[in-house]
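Student: Provided below for reference: sequence and predicted model.
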Amino acid sequence: MLRGSCLCGGVAYRVDGPVHHASHCYCTMCQKQHGAGAGSYANVDSAAYAVERGQELVVEYASSEHGRRGFCRVCGSTLTWRSTESPETIAVTLGTLEPLYDGPVERELYIETKPAWLPVR
């Protein structure tokens, strides 16, 4: 089981299921949403994801025709990314997990827009 929360603690969630894969997304939308070089996510089954506290604080922004970004309306923490084209999965942000995510990150997406200022592995 995974657990996570936002910065202010108003929203808490859990995932009762496995991580299918984790990724760093370097698309410019993720960079702007996170204010960082990438958005880092664990992809899980939507049916396994549940908000335990603060559902009324979760707002979704339609960042593209199919992309939906969930965040806390109080503190602004990015919590999820999902696609209306793949309703069976949802991606939770690795930085909101408690304890810290210790699994592998298998995928890097949109590496053509990866910022040059990020360190090389």
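Tutor: Nice, I can see it.
Student: pLDDT below threshold where in the protein?
Tutor: Within the chain, the ranges that satisfy pLDDT under 70 run 121.
Student: Show the residue spans covered by the helices in it.
Tutor: Using DSSP state H, the helices of the chain run over residues 28-34.
Student: Who are the contact partners of Ala12?
Tutor: For Ala12, the residues meeting the contact criterion (CB atoms under 8 Å, 6 or more residues apart in numbering) are Arg3, Gly4, Ser5, Cys6, Val51, Glu52, Arg53, Gly54. (C-beta placed from N, C-alpha, C; glycine too.)
Student: Any idea what it is bridged to?
Tutor: With DSSP bridges as the criterion, the beta-bridge partners of Ala12 are Ser5, Arg53.
Student: Look up the residues forming beta bridges with the most centrally placed residue in the chain.
Tutor: Geometric centre of the chain, nearest residue: Thr93, 2.7 Å, by CA atoms, centre = their mean. Judged by DSSP bridges, the bridge partners of Thr93 are Tyr41.
Student: Was I right to think it contacts Thr80?
Tutor: Yes. Here Thr93 reaches Thr80: they are 7.0 Å apart, a contact under CB atoms under 8 Å.
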